[in-house]
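S.K.: Need the 3D shape of this:
(2 chains)
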Amino acid sequence: RKEVEQDPGPFNVPEGATVAFNCTYSNSASQSFFWYRQDCRKEPKLLMSVYSSGNEDGRFTAQLNRASQYISLLIRDSKLSDSATYLCVVNIPDMRFGAGTRLTVKP
Amino acid sequence: GAVVSQHPSWVICKSGTSVKIECRSLDFQATTMFWYRQFPKQSLMLMATSNEGSKATYEQGVEKDKFLINHASLTLSTLTVTSAHPEDSSFYICSARVPPAGLAGSYNEQFFGPGTRLTVL
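M.R.: Next up is the predicted model:
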């Protein structure tokens, strides 16, 4: 089993849509969790950390379920600029990346 | 957030030559840096963990004699791809972890360099 597994995607959605990404991790000792965004041919950039209580940053909501070892990211009111690959990252303590889910938001 | 730089941003070399990539933390000291490789349409794969003043820890399947890592100071780690071959062509990204006494609110976060695109002909 992979350490971090994500929805394979790709997701193609219209502007304004709500889209959800899921991620599971195998190591119950994982300490911290993140969602990163990676644009084509660029380095990953931190989108948001994920906390047990759930956290929201504007149109983005992240949730963590430690019992199920499951992380999610919800994007509301999708914008064209949200098109990117979203990486689920688990700190074990070294960072382990999911394969990423490609999102394309279309006009 | 912290800034990590990489140099060069891209490099094209002939098969058999060696290529050195530098990773620098510009506004903080990083005792630990990481080197990743990313092939097209694949995720980042950790190659090695670089610790200042000690030998790097390599992931399984990564040849330590081919990918030489030197972390001589708290702000600089280098990756040298020795005797590069076309299959080594990839996007190499470094990251640096903020130490416990580092930037407020950033502990345990890693900051990534912009990456180096290596093409071996």
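S.K.: Would you map the strands across chain B?
M.R.: B:4-7, B:10-13, B:19-25, B:32-38, B:45-51, B:57-58, B:67-73, B:76-81, B:90-97, B:110-112, B:116-120 (DSSP state E).
S.K.: cool, chain A as well?
M.R.: Using DSSP E, strands in chain A cover A:4-6, A:11-14, A:19-25, A:32-38, A:45-50, A:55-57, A:60-65, A:70-75, A:84-91, A:95-97, A:101-106.
S.K.: Would you single out the least confident of those strands?
M.R.: Lowest mean pLDDT within those: strand A:95-97, a mean of 85.
S.K.: So which elements touch it?
M.R.: Under the contact criterion of 3 or more Cβ pairs under 8 Å, 6 or more residues apart in numbering or on different chains; DSSP states H and E, strand A:95-97 touches strand A:84-91, strand B:45-51. In short, each C-beta sits where N, CA and C put it, glycine included.
S.K.: chain center to it, what's the gap?
M.R.: 12 Å (Cα atoms, centre = their mean, to the nearest Å).
S.K.: Tabulate the strands of chain B (a markdown table), appending mean pLDDT and distance to residue A:4.
M.R.: Output for these, formatted as a markdown table (pLDDT from 0 to 100; distance: least, Cβ to Cβ, whole Å):
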| stretch | mean pLDDT | distance to residue A:4 |
| --- | --- | --- |
| strand B:4-7 | 94 | 22 |
| strand B:10-13 | 94 | 28 |
| strand B:19-25 | 96 | 23 |
| strand B:32-38 | 93 | 14 |
| strand B:45-51 | 91 | 12 |
| strand B:57-58 | 94 | 20 |
| strand B:67-73 | 91 | 23 |
| strand B:76-81 | 96 | 23 |
| strand B:90-97 | 93 | 16 |
| strand B:110-112 | 85 | 15 |
| strand B:116-120 | 96 | 24 |
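S.K.: Adding mean neighbour count and distance to residue A:6 as columns, could you present these in TSV?
M.R.: Formatted as TSV, those follow (neighbours: other Cβ atoms under 10 Å in any protein chain shown; distance: least, Cβ to Cβ, whole Å):
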stretch	mean neighbour count	distance to residue A:6
strand B:4-7	18	25
strand B:10-13	14	28
strand B:19-25	21	26
strand B:32-38	24	15
strand B:45-51	20	15
strand B:57-58	17	25
strand B:67-73	17	27
strand B:76-81	22	27
strand B:90-97	25	19
strand B:110-112	24	19
strand B:116-120	19	24
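S.K.: and of the strands of chain A, who's closest to residue B:110?
M.R.: When the strands of chain A are compared for distance to residue B:110 using Cβ to Cβ, the nearest one is strand A:95-97, at 5.7 Å.
S.K.: And the strands of chain A: which comes nearest residue B:47?
M.R.: Between the strands of chain A, strand A:95-97 lies closest to residue B:47; by Cβ to Cβ that is 12.4 Å.
S.K.: Can you list the strands that that closest one pairs with?
M.R.: Strand pairing for strand A:95-97, using DSSP bridges, gives strand A:84-91 (antiparallel).
S.K.: OK, contacts around residue B:84?
M.R.: Contact analysis of residue B:84 by Cβ atoms under 8 Å, 6 or more residues apart in numbering or on different chains lists B:13, B:15-19, B:118, B:120.
S.K.: List just the nearest of these to chain A.
M.R.: Closest approach between the contacts of residue B:84 and chain A, by Cβ to the nearest Cβ: residue B:118, at 12.9 Å.
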